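[1] make a model of this:
(one chain, ligands or ions: 1)
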Amino acid sequence: MTLSIRPDINSAAQLVSSLSTQQLPTVTEAEMAEAVRTLLIGLGENPDREGLKDTPKRVVKALQFLTKGYHESLDELLNGAVFTEDADEMVLIRDIDIFSSCEHHILPIIGRAHVAYIPNGKVIGLSKIARICEMYARRLQVQERLTLQIADALQGLLKPQGVAVVIEATHMCMVMPWRAKTWFLDCY
Ligand SMILES: [Zn+2]
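    Below is the predicted model:
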């Protein structure tokens with residue numbers, strides 16, 4: 001699934017509707033678990049040994065949770081929490097926890113987002129900003145796109161005078177132990 005911000009999509013609503021029109025093949029949980037079992041065999045493991053017996057199912061559940069943002073929409077998430085307000089001072093929310101997964105290795109991206117906007121007649125519930133960050137983080141991501149999607153969502157929802165999103169994050173595929181650098185470069 002491609003989620004990149006496109007020049008022809010200039011509001012969050014358009015972005016959501018473009019996503020909902022994409023037709024994805026249906027895959028059952030059993031088929032997903034079978035794929036994980038195949039992976040384990042490919043890695044040289046015995047998927048029937050006691051410790052791994054339920055691992056395929058657990059991996060599927062974990063991945064579904066980590067990517068649940070694919071099944072969430074801004075409309076549902078906001079539930080009307082955009083308010084008309086005569087405010088023009090900058091609103092800043094710092095240190096929003098970010099737990100995402102890189103789309104190249106499906107390994108964790110862990111960090112914090114700082115989100116600021118200058119209202120232009122509309123404000124949004126503060127907790128909703130964290131939920132917007134979470135919705136986009138719970139997808140397979142690159143940090144650049146995650147940052148843009150959060151900014152684009154706020155831009156579309158609030159039409160503010162300005163919006164800024166900064167994400168500081170650690171990518172497990174970049175920082176994992178001693179040979180990680182060579183391994184990472186080998187991936188490209
Ligand atoms: Zn990666």
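[2] you'd agree residue 86 is up against residue 123?
    No. Residue 86 lies out of contact with residue 123 (C-beta atoms under 8 Å); the separation is 9.8 Å. In short, each C-beta sits where N, CA and C put it, glycine included.
[3] what residues does stretch 43-60 touch?
    29, 32-34, 36-37, 40-41 (C-beta atoms under 8 Å, 6 or more residues apart in numbering).
[4] list only buried entries from these.
    Among the contacts of stretch 43-60, those classed as buried by 16 or more other C-beta atoms under 10 Å are 32-33, 36-37, 40.
[5] from those residues, which single one is nearest residue 134?
    If you rank the buried ones among the contacts of stretch 43-60 by distance to residue 134 using C-beta to C-beta, residue 32 comes first, at 22.7 Å.
[6] now name the helix or strand holding that closest one.
    Using DSSP states H and E, residue 32 sits in helix 29-42.
[7] packing partners of that helix?
    If you count contacts as 3 or more C-beta pairs under 8 Å, 6 or more residues apart in numbering; DSSP states H and E, helix 29-42 packs onto helix 55-66.
[8] buried residues in the next helix or strand after the helix it packs on?
    With elements assigned by DSSP H and E, the helix or strand that comes after helix 55-66 is helix 74-78. Along helix 74-78, these residues count as buried under the neighbour rule (16+ other C-beta under 10 Å): 74, 78.
[9] averaged pLDDT, helix 74-78. What do you get?
    Taken as a whole, helix 74-78 has an average pLDDT of 92.
[10] over to stretch 81-95?
    On average, the pLDDT along stretch 81-95 is 94.
[11] before we move on, what about stretch 24-42?
    Per-residue pLDDT over stretch 24-42 has a mean of 94.
[12] show residues contacting that stretch.
    By C-beta under 8 Å, 6+ apart, the list of residues contacting stretch 24-42 from outside reads 1, 46-47, 52, 55-57, 59-60, 63.
[13] for stretch 133-147, same thing?
    Defining contact as C-beta under 8 Å, 6+ apart, one finds that stretch 133-147 is touched by 3-5, 65-70, 72, 74, 77, 96, 98-104, 106, 109, 113, 115, 149-150, 153, 165-167, 169, 171.
[14] measure it end to end?
    Using C-alpha to C-alpha, to the nearest Å, the gap from the first to the last residue of stretch 133-147 comes to 9 Å.
[15] and the angle from the helix holding residue 32 to helix 55-66?
    On the basis of axes from the mean of the first three to the mean of the last three C-alpha atoms, to 10 degrees, helix 29-42 is oriented at 120 degrees to helix 55-66.
[16] got the CA coordinates for helix 29-42 in PDB?
    What follows is helix 29-42, C-alpha atoms only, in PDB (Å, rounded to 0.1, in the frame of the first residue of the first chain):
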ATOM      1  CA  GLU A  29      -5.300 -15.000   9.900                       C
ATOM      2  CA  ALA A  30      -4.600 -18.700   9.300                       C
ATOM      3  CA  GLU A  31      -2.800 -17.900   6.000                       C
ATOM      4  CA  MET A  32      -0.800 -15.200   7.700                       C
ATOM      5  CA  ALA A  33       0.200 -17.600  10.500                       C
ATOM      6  CA  GLU A  34       1.200 -20.200   7.900                       C
ATOM      7  CA  ALA A  35       3.500 -17.600   6.300                       C
ATOM      8  CA  VAL A  36       5.200 -16.900   9.700                       C
ATOM      9  CA  ARG A  37       5.600 -20.700  10.100                       C
ATOM     10  CA  THR A  38       7.300 -20.800   6.700                       C
ATOM     11  CA  LEU A  39       9.600 -18.000   7.800                       C
ATOM     12  CA  LEU A  40      10.600 -19.900  11.000                       C
ATOM     13  CA  ILE A  41      11.500 -22.900   8.900                       C
ATOM     14  CA  GLY A  42      13.500 -20.700   6.500                       C
END
